[in-house]
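K.L.:
here you go, sequence then predicted model.
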Amino acid sequence: MADSVVGLCKTEVIHHRGPWRAVVPPPDAVEYAALKWVDQFNNRRLLKPIGNVPPVELELAYHRQQGALALAA
């Protein structure tokens, strides 16, 4: 699973936004682009299989539900 996410990041960030200006781009430029992609991937992307909500929202709802179940027990 991790290999597919890394491949997706390379496809969407490294190859899509390239070619980078220098033969060896500054590490901070590539790192910043990758971090922006990870933020979008986890916090803003809507997933149809989970109800068109970002993964972070679903995870928060899950933890709220688990907390409510623990209090009820």
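P.N.:
Noted; the coordinates are in hand.
K.L.:
hey, let's count contacts and neighbours off CA atoms from now on
P.N.:
Noted.
K.L.:
gap between Leu35 and Val6?
P.N.:
Per Cα to Cα, to the nearest Å, Leu35 is found 12 Å from Val6.
K.L.:
these two: who's more crowded?
P.N.:
Leu35 (14 against 11; other Cα atoms under 10 Å).
K.L.:
surely Pro54 is in contact with Gln40?
P.N.:
No - using Cα atoms under 8 Å, Pro54 makes no contact with Gln40, being 9.4 Å away.
K.L.:
between these two, point out the one with more neighbours.
P.N.:
Taking neighbours as other Cα under 10 Å, Pro54 and Gln40 compare with Pro54 leading, 18 against 13.
K.L.:
and stretch 39-51, which residues are buried?
P.N.:
Neighbour-count burial for stretch 39-51, counted by 16 or more other Cα atoms under 10 Å, picks out 41, 46.
K.L.:
and it, how far out from the chain middle?
P.N.:
Offset of stretch 39-51 from its chain centre (Cα atoms, centre = their mean, to the nearest Å): 8 Å.
K.L.:
okay, that stretch in CSV with CA atoms only?
P.N.:
Extracted in CSV, the C-alpha atoms of stretch 39-51 (Å, rounded to 0.1, in the frame of the first residue of the first chain):
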residue,chain,number,x,y,z
ASP,A,39,-1.6,17.9,3.3
GLN,A,40,-4.0,18.0,0.4
PHE,A,41,-4.1,14.2,0.2
ASN,A,42,-5.0,13.8,3.9
ASN,A,43,-7.1,16.9,4.6
ARG,A,44,-8.9,18.1,1.5
ARG,A,45,-9.3,15.2,-0.9
LEU,A,46,-12.9,13.9,-1.0
LEU,A,47,-13.3,10.2,-1.1
LYS,A,48,-16.5,8.8,-2.7
PRO,A,49,-16.3,5.4,-0.9
ILE,A,50,-16.5,7.1,2.5
GLY,A,51,-19.2,9.6,1.7
